[in-house]
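*Asks:* Pasted the sequence and its predicted model underneath.
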Amino acid sequence: MNTIRFMATKPCCRILIHGRNSAFLGFPFPQFHRSFTSNSPNYRLNFHSYPPRILGFRFEINQTQKPVCDPNSIWRQSRAFLTNCTGNGMCRAVRVIASVASNVRNYSSSVETRLNDNNFERIYVQGGLNAKPLVVQKIDRDENIARDEENTVEFARENENNLHLGALNEAEAVREESEIEKEAWKLLQNAVVSYCSSPVGTVAANDPNDKQPLNYDQVFIRDFVPSALAFLLKGEGEIVKNFLLHTLQLQSWEKTVDCYSPGQGLMPASFKVRMVPLEDSKFEEVLDPDFGESAIGRVAPVDSGLWWIILLRAYGKITGDYALQERVDVQTGIKLILNLCLSDGFDMFPSLLVTDGSCMIDRRMGIHGHPLEIQALFYSALRCSREMLALDDGSKNLVRAINNRLSALSFHIREYYWVDMRKINEIYRYKTEEYSTEATNKFNIYPEQIPNWLMDWIPEKGGYLIGNLQPAHMDFRFFTLGNLWSIVSSLGTPQQNEAILNLIEAKWDDLVGHMPLKICYPALEYEEWRIITGSDPKNTPWSYHNGGSWPTLLWQFTLACIKMGRAELARKAVCLAEKRLLVDRWPEYYDTRNGKYVGKQARLYQTWTVAGFLTSKMLLENPEMASLLFWEEDYDLLEICVCALSKTGRKKCSRGAAKSQILV
C-alpha cells in the first residue's frame, strides 16, 4: 500500500477544540504542538495518542514533519500535496488528483436521516471514530496531464478574480476619500487579527483605554460581516477567505457545554487567538472558540451559522471566486448548518424556535420563541445554500427540503407577522377560542394584547413585521434588523417591503432621530422592564438592546433602501451618522429616546460601527455592487405547496392567498 503524506508549506498553528474526542469531518484531529522561541525559527512537533486521519485519507507524520497551516492548501478540492520531509530539508511529494477529491466528496456525504418523510443527507460519516478511512493505494492518471488541466483551471479562475477585483479598485479610485473615511479605514486596519501570519478577522472593539475588554477583544462572526463586506468592496478578499475557512475548522462536531449543548453544525459566536505557554519559555498559537459556554447567559449563537452562509455567498458574488464554495469541506460545512436548522422537532411552525439571547440581542429581552431576526436570517441562509450547494444525487433531497421550508416560511411570515392599520383593526375584532382548521384567529390572540402606543403610532401608509409570534402572544415591537433583512432577502412581499420603508420615513424621529438606527421600538419600561429583562441594568429603557441606537445597522438600512429604489433615505441617515461618529469616537450604541447621547456602557472604537459606516458609503457610491448582496422575489416558491406533501389528505391550502399578495 502506498502511504500518502502531507507536505508542509508553512508552520502550523493549532486550533483549540473543546471536547475530549473533538474531530474534523468525522475523524479525530492529530494531537500536535508547535513549539518556538523568539530567537529561533526551529519548531518541535510532538505527535501522540493515535494516527491522524483527515478527510478519510490515512497518512503518517514523523517527528520532523511540519503540519500545514494555510487553510487554502490543506483542504483544496482540486489537489493536495503530500510529502515526507527529512531533517535536511529534502521533501518527497505526491499529488492527489481531482478524481480522488471527488471520491472524498462522495465518501463524506452519506445519506441517512429524515425530514418529515423526505430523506436528506446525514452529513457525518456513520460509525463515527470507528469508520474505516478511505485509503488511496494507487494513482494511475498521468501526472503531467493532471498538472496541465489544473493549471488551466487555476489560470482561468485567477483571471476572473482579477477582473472583479480590478473593477472594484478602479471604481474606488475615482472618488477621493474624506477625512472621516480615511480615519475609519485606519481604525479598521488596526482592528485586524492575524493567525499564522495571515489576517483572519477583526476584533469587536479596539479601544486602547479599555482596561476590561471582556470578550470585545475577540473576533465575532456576527460582528465581522460588515468588516468583511468593507474589505470585499475595497477589493481585499484574502482576510474574508481566511475567516471563512478558519471559522469552518472551528465548527462544532461535538457537544461542548456540560451535556446539553447543540451538536454538530453549530458555529461559534466568536474566537480568539491565544498564545499558550509551553515548557522552556516556549509558546504555541491557538484559536480558542466560544460556543456560548463563556458568554453572559451561556446561550448558544443561533445566528452565527446563518451569517457564515450569507457571507460565503457574498464573497463569491463580489470576488468571483466560486471555487471556495465548491470545496468539499465548505460544502460539508453548509450541510451541517442546514442539518442542524432543518432537523425535526416538536414545533409545528416553519419558523425556527430559539431561546432568548441567541442573536444580536444577546441578553434577556423577551424574544424567545420565533423572533423575526432569526427567521429573516434563516430565510436568507436557505436561499444562499440553495444557490451554492453542488447539485448531485447526494444533495437533491436536501435542496427539496430547502425549497419546501422556504415556501412555508415565506407564507408564514408574510401572512401572520405583518401588521398595518387594516391588520390591526382585524386583530382588534378577533374572536377567540376558535377550534377548527377554518379558524381566523389561528393562534388564539386576544385583542387586549394590542398595546395603546401602537394604535396611535402606526401610520396610514406603512406597516411592518412584528417581532415575534407564539400561541396567544404577538410581540408588536418594531425590530429593525429583522425588518431590514426581510427587505434584503425578499422575505416580505414587494408591497410589504415598500411599506416598511414608508413606516421608517414616517416615524423618522422615533426610529432614527439623532443617530440611526433604533434596534427596537419602543423600549420596555417600568414593571414591564423589570419582569421581561430580569431588571437588567444594562438594558435600561432606551439603552443598549432596549431601544438603543446602533450605527452598525446603517449598512443594512442602506442595502434595503438601494434595493427598493430609496437611496435618498440611506444618504440622509449616513449624513446624520457622519456628523457625529468621528467626534464621538465610533461608539457601539447611543442612548435616550432620540439617540442623542453616547451609550452609558458603550465601547468606543467599535469595529462594526466603523465597518458599517464604510460599507454604507461604498454601497451608495457603487449601487451596482449592492445588487450582488440582496435577493429579488422568487416566484417559483409560490408554486411550491407544502400541504401537497403531507399524507393527511388536506385539500384546503393558503397558497392562493400567498400568490394574491404578489400577482396583483
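*Replies:* Great, that's in hand.
*Asks:* low-confidence ranges in this structure?
*Replies:* Scanning the chain for pLDDT under 70 picks out the ranges 1-175, 253-262, 641-664.
*Asks:* and if we set it to 80?
*Replies:* Along the chain, segments meeting pLDDT under 80 span 1-175, 252-263, 638-664.
*Asks:* number of nearby residues for residue 438?
*Replies:* Look at residue 438: counted by other CB atoms under 10 Å, it has 8 neighbours. The way it works is simple: take the backbone N, C-alpha and C, and place the C-beta from them, glycine included.
*Asks:* Then the one 4 residues further on?
*Replies:* Residue 442 has 13 neighbouring residues, counting by other CB under 10 Å.
*Asks:* what do you get for residue 275?
*Replies:* Residues near residue 275, counting by other CB under 10 Å: 9.
*Asks:* That one: what's it in contact with?
*Replies:* For residue 275, the contact set (CB atoms under 8 Å, 6 or more residues apart in numbering) comprises 283, 284, 285, 286.
*Asks:* Quick check on those: which are buried?
*Replies:* With neighbours counted using 16 or more other CB atoms under 10 Å, the contacts of residue 275 contain these buried positions: 284, 285, 286.
*Asks:* Filter those down to just the ones in strands.
*Replies:* Under the assignment DSSP state E, those contribute 284, 285, 286 to strands.
*Asks:* What's opposite the first one in the beta bridge?
*Replies:* Bridge pairing for residue 284 (DSSP bridges) gives the partners residue 276.
*Asks:* any idea how far it is from residue 278?
*Replies:* Relative to residue 278, residue 284 is positioned 6 Å away (CB to CB, to the nearest Å).
*Asks:* Check the last one too.
*Replies:* Plainly put, residue 286 is 11 Å away from residue 278 if you go by CB to CB.
*Asks:* Can you show me the strands along the stretch 351-500 of the chain?
*Replies:* Ranges of strands within the stretch 351-500 of the chain are 418-419, 464-470, 473-479, based on DSSP state E, counting those that start in this stretch.
*Asks:* Would you format those as CSV with mean neighbour count and distance to residue 391 included?
*Replies:* Shown next, in CSV, are the strands of the stretch 351-500 of the chain (neighbours: other CB atoms under 10 Å; distance: least, CB to CB, whole Å):
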stretch, mean neighbour count, distance to residue 391
strand 418-419, 20, 34
strand 464-470, 23, 32
strand 473-479, 21, 35
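*Asks:* Columns distance to residue 229 on top of the ones you listed, output as JSON lines?
*Replies:* Shown next, in JSON lines, are the strands of the stretch 351-500 of the chain (distance: least, CB to CB, whole Å):
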{"stretch": "strand 418-419", "distance to residue 229": "29"}
{"stretch": "strand 464-470", "distance to residue 229": "24"}
{"stretch": "strand 473-479", "distance to residue 229": "21"}
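*Asks:* who wins for proximity to residue 500 among those?
*Replies:* Comparison of those against residue 500 by CB to CB identifies strand 464-470 as nearest, at 5.4 Å.
*Asks:* Report all helices and strands that that closest one contacts.
*Replies:* Strand 464-470 sits against helix 372-388, strand 418-419, strand 473-479, helix 480-489, helix 494-506, with contacts defined as 3 or more CB pairs under 8 Å, 6 or more residues apart in numbering; DSSP states H and E.
*Asks:* Dump it to CSV, restricted to CA.
*Replies:* What follows is strand 464-470, C-alpha atoms only, in CSV (Å, rounded to 0.1, in the frame of the first residue of the first chain):
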residue,chain,number,x,y,z
TYR,A,464,-44.0,46.3,9.5
LEU,A,465,-43.3,42.7,10.6
ILE,A,466,-43.9,42.1,14.3
GLY,A,467,-41.0,40.9,16.5
ASN,A,468,-42.4,37.5,17.5
LEU,A,469,-45.4,35.2,17.2
GLN,A,470,-46.4,32.4,19.5
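*Asks:* Can you tell me what sits against it?
*Replies:* Outside of strand 464-470, the residues within contact range by CB under 8 Å, 6+ apart are 351, 366-367, 369-372, 413, 416-420, 443, 474-479, 482-483, 486, 492, 496, 499-500, 503, 520.
*Asks:* Report the strands that pair with that strand, each with its relative direction.
*Replies:* Using DSSP bridges, the strands paired with strand 464-470 are strand 418-419 (antiparallel), strand 473-479 (antiparallel).
*Asks:* So which of those strands is nearest residue 600?
*Replies:* Checking the strands paired with strand 464-470 against residue 600 by CB to CB gives strand 473-479 as the closest, at 21.6 Å.
*Asks:* For residue 366, which non-adjacent residue is closest in space?
*Replies:* With sequence-adjacent residues excluded and distances taken as CB to CB, 6 or more residues apart in numbering, residue 366 is closest to residue 532, at 4.1 Å.
*Asks:* got the buried residues for the helix or strand hosting that neighbour?
*Replies:* Here residue 532, judged by DSSP states H and E, is contained in helix 526-533. For helix 526-533, a neighbour-count test (16+ other CB under 10 Å) marks 529, 532, 533 as buried.
*Asks:* need these in TSV with distance to residue 184, can you?
*Replies:* Output for the buried residues of helix 526-533, formatted as TSV (distance: CB to CB, whole Å):
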residue	distance to residue 184
529	35
532	36
533	33
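*Asks:* wait, which of those is closest to residue 408?
*Replies:* The closest of those to residue 408 turns out to be residue 532 (CB to CB; 29.5 Å).
*Asks:* The closest one contacts residue 367, doesn't it?
*Replies:* No: using CB atoms under 8 Å, residue 532 makes no contact with residue 367, being 9.6 Å away.
*Asks:* so which of the strands paired with strand 464-470 comes closest to residue 264?
*Replies:* strand 473-479 (29.6 Å).
*Asks:* what angle separates the closest one from helix 494-506?
*Replies:* If you take axes from the mean of the first three to the mean of the last three CA atoms, to 10 degrees, strand 473-479 sits at 60 degrees to helix 494-506.
*Asks:* hang on, the earlier thing: any chance of the helices and strands packed on strand 464-470 in CSV, plus distance to residue 636?
*Replies:* Compiled in CSV, these are given as follows (distance: least, CB to CB, whole Å):
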stretch, distance to residue 636
helix 372-388, 11
strand 418-419, 22
strand 473-479, 29
helix 480-489, 15
helix 494-506, 16
